[in-house]
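Asks: Sequence first, predicted coordinates after that:
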Amino acid sequence: MEFAKLVEVLEELEATSKRGTKTAIIASLLNKTHKEDLDMILLLLQGHVFSARDKSKLNVAAKTMLKALAQASGHSNNDIEKLWKQKGDLGLVAHDIIIKKKQATLFSETLTVKSVFNDFRKLAAQTGANSVYTKTTLIAKSLTSATPLEAKFITRIALEVVRVGIGEGTLRDALIWSAFPNIVLTMYPKQEEEGIPILREFAPTDFVVVSNMKEFKEHMKDPSVYSKLRPMDDVLAREMYKHLSKSIQHAYNMCNELPKVAIALKEKGLSGIEEIDLTINTPVQVMLAQKVANVKDGLKKVGKPAAIEYKYDGFRMQIHISGDNVTLYTRRLEDVTKQFPDVVKAVKENVECKTAILDSEAVGFNPNLNTYQPFQQISQRIRRKYDIERLIKKLPVELNVFDVLYFDGETLIDKPLHERRKVLTSIITPKERVIAHSRITITDKEEEVNKFYQESLDAGNEGIMLKSLDSPYQPGSRVGFMVKLKPIMDTLDLVIVEATWGEGKRSDWITSYTVACIDEDGQFLTVGKVSTGLKELEEEGTSFKEMTELLKPLVIAEKGKDVIVKPEIVIEVAYEEIQKSPTYTSSYALRFPRFIRIRERDAEGVSPMDYVEDLYNGQ
């Protein structure tokens, strides 16, 4: 596929805020996309060239992009930088500068999705002294052959900020709209509905009418008729759509790779999707919990009796076991096996299985006092790649295992919790302060839950988890059958999208951070500025210096002391109140926000917009 066709779609997506229209635009594109381009298209639509589990980074700084634009256009760095300060978006700068480029292009070629994608992947492999020069040359090569619109999105993709408001939910819907347009048209029969005119452009008119779900499931065996399937009414259409959505979501939960799901759907239809299963060393998104205000609300949510479990103040660790090989992943799907040889040893010596995927929490403890340590004290172990043996002695961890997703060739996530727990207890031999089953009790009595809650707090934990005994394991979701209760005020996990340099003695540091939640389309919406809670000295906790070092490489635009950064650093933020406010794009503002800690999670996992609204309405 020519790259120009993709950037035309990206431009259309940027021009609309309507989710239905975005979904239809993407569905139309997927309908025209050959199988060999599908994985690249789905990644580039999100502004990525690597899957979620591949933590390779392009690491292209704004200054590198300026040099590449100068090299490709013949304009000076100073002229381009001036234009950047005016527009504040290097993508728009690239568009305008390529229109006015001064030098003729002798060896231009038509850009394809594959050629651009492969050049981007080469960027991540560049390290060392000459890496900036090599990256500049690679980007300039693409820009030299680019149209102004192509240059705009080449620049944004290189900086990993595409800004077209496409989340994974929209992409999953687009897969259904692309393969089953007539089901969607039956659900939304009116011409004026969002995106419907686009769907009509490629929906077949020689229908295969479906009268009930039994007929529909029979037709699922033949992908060649998918686009022609026309339910007899909108009620059946919605039931069919729900079935498709559940199937695609389940497949995505198994592999955490949307391109893999899309290719399976295109090649084999629903049967191909049903073949997708958990795979050792392919990490999946962890299941997340909703918050509740008290024990009564918690039991009402999950049902009685319930499993009540310690809520540890550590970090999530997903453990993949295959024979003698043990691999450890964080909740951000980062491989941290090398940082935790002590955990690998504990698993090898105390878990009996051929293959397994376990969910757990690694909790720091003070070996002198024999008490748990807060997350802030041990968080450095995740990021540190040197002096591992010294850190093991200084900051030991205890592994508390609370779930099993896969065991000896069988996927267990659809099994109820009480069955998964039986498997878990049968394969782990606890060893004090090394590895344990998470502390748990089963009860239907509020007074027993409250007693267990206090016991957990006294042990140095955050609180408790309440879980439905009959619940499945649902990767990546904040589900109602698992909730958390802790005594501190509500906090939010938010991503830093803008920041400001300090003044006076803090002028060398970035000291104020504009933070954002995420909406259902994957767009980041600002909710306030955080400038308190960090320390001036590194020994006291997360410092302004440490935060500055994390943010500086992520700067993509500057205006005076203010900078725009790639949305990668997620922080936990406490606050006193949520107020309505026109100042921020969410229409809400946090009153007296305060930094708590850096969170080890992807920006896509920050607190959702609807949760912020729920907190506001519940005040």
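Replies: Received, thanks. Numbers count the residues shown, from 1 in each chain.
Asks: Outline the domain layout of this protein.
Replies: 48-159, 168-274, 288-485, 491-617 (automatic domain parsing).
Asks: least trustworthy helix or strand in this protein by mean pLDDT?
Replies: Least confident element among the helices and strands of the chain, by mean pLDDT, DSSP states H and E: helix 375-378 (a mean of 72).
Asks: picking that back up, compare the domains of the chain and give me the one nearest residue 32.
Replies: In terms of Cβ to Cβ, the element of the domains of the chain nearest to residue 32 is domain 168-274, at 8.3 Å. (Each C-beta comes from the backbone N, C-alpha and C, glycine too.)
Asks: Compute the first-to-last residue distance for that closest one.
Replies: End-to-end distance of domain 168-274: 19 Å, with Cα to Cα, to the nearest Å as the criterion.
Asks: helix/strand/coil for the closest residue to residue 575 other than its chain neighbours?
Replies: If the residues on either side of it in the chain are set aside, residue 575 comes closest to residue 590, at 4.0 Å by Cβ to Cβ, 6 or more residues apart in numbering. Following DSSP: H, G, I helix; E, B strand; the rest coil, the label given to residue 590 is strand.
Asks: hmm, back to that, please work out which residues outside the next helix or strand after the least confident helix or strand of the chain touch it.
Replies: As assigned by DSSP states H and E, the chain's next helix or strand after helix 375-378 is helix 380-383. Helix 380-383 has contacts (Cβ atoms under 8 Å, 6 or more residues apart in numbering) with 315, 330, 334, 336, 339-340, 364, 391, 395, 397, 600.
Asks: pLDDT below threshold where in this structure?
Replies: Scanning the chain for pLDDT under 70 picks out 102-108, 190-192, 376, 383, 488-489, 537-541, 618-619.
Asks: helices or strands up against the helix ranked longest in it?
Replies: The helix that spans the most residues within the chain, counting by DSSP state H, is helix 234-255. Packed against helix 234-255, as judged by 3 or more Cβ pairs under 8 Å, 6 or more residues apart in numbering; DSSP states H and E, are the following elements: helix 168-179, helix 181-187, helix 213-219, strand 229-231, helix 258-268, helix 270-274.
Asks: possible to save the ones you listed as JSON lines with distance to residue 202 and mean neighbour count?
Replies: As requested, the helices and strands packed on helix 234-255 are exported to JSON lines (distance: least, Cβ to Cβ, whole Å; neighbours: other Cβ atoms under 10 Å):
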{"stretch": "helix 168-179", "distance to residue 202": "8", "mean neighbour count": "22"}
{"stretch": "helix 181-187", "distance to residue 202": "6", "mean neighbour count": "23"}
{"stretch": "helix 213-219", "distance to residue 202": "19", "mean neighbour count": "14"}
{"stretch": "strand 229-231", "distance to residue 202": "14", "mean neighbour count": "24"}
{"stretch": "helix 258-268", "distance to residue 202": "15", "mean neighbour count": "20"}
{"stretch": "helix 270-274", "distance to residue 202": "20", "mean neighbour count": "18"}
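Asks: Out of those, which is closest to residue 125?
Replies: helix 258-268 (20.6 Å).
Asks: what's the angle from that closest one to helix 168-179?
Replies: Going by axes from the mean of the first three to the mean of the last three Cα atoms, to 10 degrees, helix 258-268 is angled at 10 degrees with respect to helix 168-179.
Asks: contact partners of helix 258-268?
Replies: Helix 258-268 has contacts (Cβ under 8 Å, 6+ apart) with 30, 35, 38-39, 42-43, 51, 168, 171-172, 175, 179, 223, 248, 251-252, 255, 272-273, 275-276.
Asks: Just the CA atoms of it, as PDB, please.
Replies: Output in PDB follows, covering the C-alpha atoms of helix 258-268 (Å, rounded to 0.1, in the frame of the first residue of the first chain):
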ATOM      1  CA  LEU A 258      -4.500  -6.700  17.700                       C
ATOM      2  CA  PRO A 259      -2.700  -7.300  14.400                       C
ATOM      3  CA  LYS A 260      -2.600 -11.100  15.200                       C
ATOM      4  CA  VAL A 261      -6.300 -11.000  15.800                       C
ATOM      5  CA  ALA A 262      -7.000  -9.000  12.600                       C
ATOM      6  CA  ILE A 263      -4.900 -11.400  10.400                       C
ATOM      7  CA  ALA A 264      -6.600 -14.500  11.900                       C
ATOM      8  CA  LEU A 265     -10.000 -12.900  11.200                       C
ATOM      9  CA  LYS A 266      -9.100 -12.100   7.600                       C
ATOM     10  CA  GLU A 267      -7.600 -15.500   6.900                       C
ATOM     11  CA  LYS A 268      -9.900 -17.900   8.700                       C
END
